[in-house]
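Asks: Provided below for reference: sequence and predicted model.
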Amino acid sequence: MRGDGIGPEIVDATISLLDSIQERNHFKLHYTFVPAGDSALKEYGDPLPERSIEQFANSDACLKGPVGETIGDINQRLRFGFDLYANIRPARSYKGICPPALRPDIDLIVIRENSEGFYRAIESEVEPGIWTTMGVFTEKGARRLANFAFGYASRNRHMRKVTLATKANIFRKTHGLYLKTFQETARQFSNVNFEHLYADALCARLVRDPQNFDVIVSENLLADLLSDLAGQIAGGLGMTPGTNINYETKRAFFEPTHGSAPDIAGKGIANPIGQVRSAALMLEFLGFANHDTRLTEAATHFEKGIATLLNSPNKENLPIELGGTANTQRVAELISQFF
Ligand code: NAD
């Protein structure tokens, strides 16, 4: 799904990298391109036509570019429709991009609950001029998110702390349910440290000491905000990839955290790194799901290419978003040179 705005530009740059890594690592991915987003609405009268949904359901994985104003429809039908309850958003900084990154040693992930909360967007007008919105918070949702977050931390040796963000002091029942469930789950994972912070205090701590966080986890709305904050302090919005996944059904799509950036669309200057790193997460997922090390190694090559680029002192090599002069195509070429 190439999406809207800068989507096609950064997806095409990513496909060129996928093509070259397949040649190098001797495997073959079969792509099908399907419409999604504002452009699909304009052309087919539907932001996610039936054939796009069918293709998604029948694929091993989906790489998605950002879409525009139709993001709500797409979320509804992919994230909620396929119950892709975990959204993983890593934020990592490198010494060559510091600044704009706050520090060179940021390496954390934000895990966002992706299937409930206020993003259910159940809104109603109770009387003219007065609207309410309802959030949905379930024990099942909190439990599987907690198991996922602690499981992730216990499998990744450099991620030893889970930090839950809530506003349980205000939303005592709903966020309180998340807090209680995480406290219970924490007792089953003795090798992982657990802390709970109110989300407002966490924002301040994240800017002050981002290197002290490993896994930050929260309900849908708070984690959406926290992941943009984490992405920005690690360098910029264009850097942050994302996985939307249901670990039980193994259904997933991979997309950058940022939107379709209409202000720079069509100029060929978007930073493709968030999209490329999303493809690396996809390769890692496909490698594990198919027990195929050629794909997991390919993911490592992508990350190595990006790390070499972003640790380089040569400003000419950096994306324009990070203060360099390399356009979208040039960034992709450099990553493949550094594979
Ligand atoms: P945005 O993330 O598109 O842009 C915010 C700012 O970051 C802009 O200045 C933009 O130029 C910059 N930026 C974003 N990605 C960049 C990149 N790769 N390289 C360089 N600069 C980059 O957020 P927005 O402007 O609030 O939203 C634009 C559209 O995107 C809206 O229609 C929104 O609904 C949609 N959106 C889609 C998704 C998605 O598809 N997952 C997510 C968020 C927003």
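Replies: That came through, no problem. Please read all numbers here as calculations on a predicted model, not as lab measurements.
Asks: contacts and neighbour counts: CA atoms only from here.
Replies: Fine.
Asks: Do you know the pLDDT at the residue lying closest to N191 once chain neighbours are set aside?
Replies: Excluding the flanking residues, the one nearest N191 by C-alpha to C-alpha, 6 or more residues apart in numbering is S154, at 6.6 Å. With respect to pLDDT, S154 scores 91.
Asks: Residue numbering should commence at 443 henceforth.
Replies: With the count now opening at 443, the last piece we talked about shows up as S596.
Asks: Tell me the residues on the protein that lie near the ligand, please.
Replies: When proximity is defined as C-alpha under 6 Å from any ligand atom, the chain approaches the ligand at 508-511, 513, 679-680, 699-703, 705-706, 712-714, 763.
Asks: ok, of the residues you listed, which come out buried?
Replies: Taking 16 or more other C-alpha atoms under 10 Å as the criterion, what is buried in the residues of the chain next to the ligand is 508-510, 513, 679-680, 699-703, 712-714, 763.
Asks: Return the subset of those lying in helices.
Replies: Under the assignment DSSP state H, those contribute I513 to helices.
Asks: Between all of the buried ones among the residues of the chain next to the ligand, which two are separated the most?
Replies: Taking C-alpha to C-alpha, the two most distant members of these are I513 and E763; they sit 23.2 Å apart.
Asks: show me where the stretch 443-592 of the chain has helices.
Replies: Using DSSP state H, counting those that start in this stretch, the helices of the stretch 443-592 of the chain run over 449-467, 480-486, 492-500, 513-516, 581-597.
Asks: wait, L737 sits on A731?
Replies: No: contact criterion C-alpha atoms under 8 Å: L737 and A731 do not qualify, at 10.1 Å.
Asks: In terms of neighbours, single out the busier of the two.
Replies: A direct count of neighbours by other C-alpha atoms under 10 Å for L737 and A731 places L737 higher, at 25 against 11.
Asks: Report the contact partners of the more buried one.
Replies: 467, 469, 725-726, 728-729 (C-alpha atoms under 8 Å, 6 or more residues apart in numbering).
Asks: Let me know the closest of those residues to S632.
Replies: Nearest to S632 among those, counting by C-alpha to C-alpha, is E726 at 27.1 Å.
Asks: Just want the residue of the stretch 543-692 of the chain that's nearest the ligand.
Replies: For the stretch 543-692 of the chain, the residue positioned closest to the ligand under C-alpha to the nearest ligand atom is G680, at a distance of 3.5 Å.
Asks: So that residue is in contact with I711, correct?
Replies: No: shown here, G680 and I711 do not form a contact pair, counting by C-alpha under 8 Å, at 11.0 Å.
Asks: Please, where are all the strands along this structure?
Replies: For the chain, the strands defined by DSSP state E occupy 504-505, 528-534, 549-555, 559-569, 572-578, 603-608, 635-640, 657-660, 685-688, 693-696.
Asks: Can you point out the buried residues in the fifth one?
Replies: Read that as strand 572-578. Under the neighbour-count criterion of 16+ other C-alpha under 10 Å, strand 572-578 has G577 buried.
Asks: The last one now?
Replies: Taking 16+ other C-alpha under 10 Å as the basis for neighbour counts, the residues of strand 693-696 that come out buried are 693-696.
Asks: got these as JSON lines, with pLDDT columns?
Replies: Converted to JSON lines, these look like this (pLDDT from 0 to 100):
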{"residue": "R693", "pLDDT": "94"}
{"residue": "A694", "pLDDT": "95"}
{"residue": "F695", "pLDDT": "97"}
{"residue": "F696", "pLDDT": "98"}
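Asks: which ones are touching V453?
Replies: V453 is in contact with 444, 506-507, 714, 717, counting by C-alpha under 8 Å, 6+ apart.
Asks: which of those residues lies closest to the ligand?
Replies: Among these, P714 lies closest to the ligand (C-alpha to the nearest ligand atom), at 5.5 Å.
Asks: now that closest one, nearest residue through space, not along the chain?
Replies: What sits nearest to P714 in space, not counting adjacent residues and going by C-alpha to C-alpha, 6+ apart, is I452, at 4.9 Å.
Asks: Cool, thanks, signing off.
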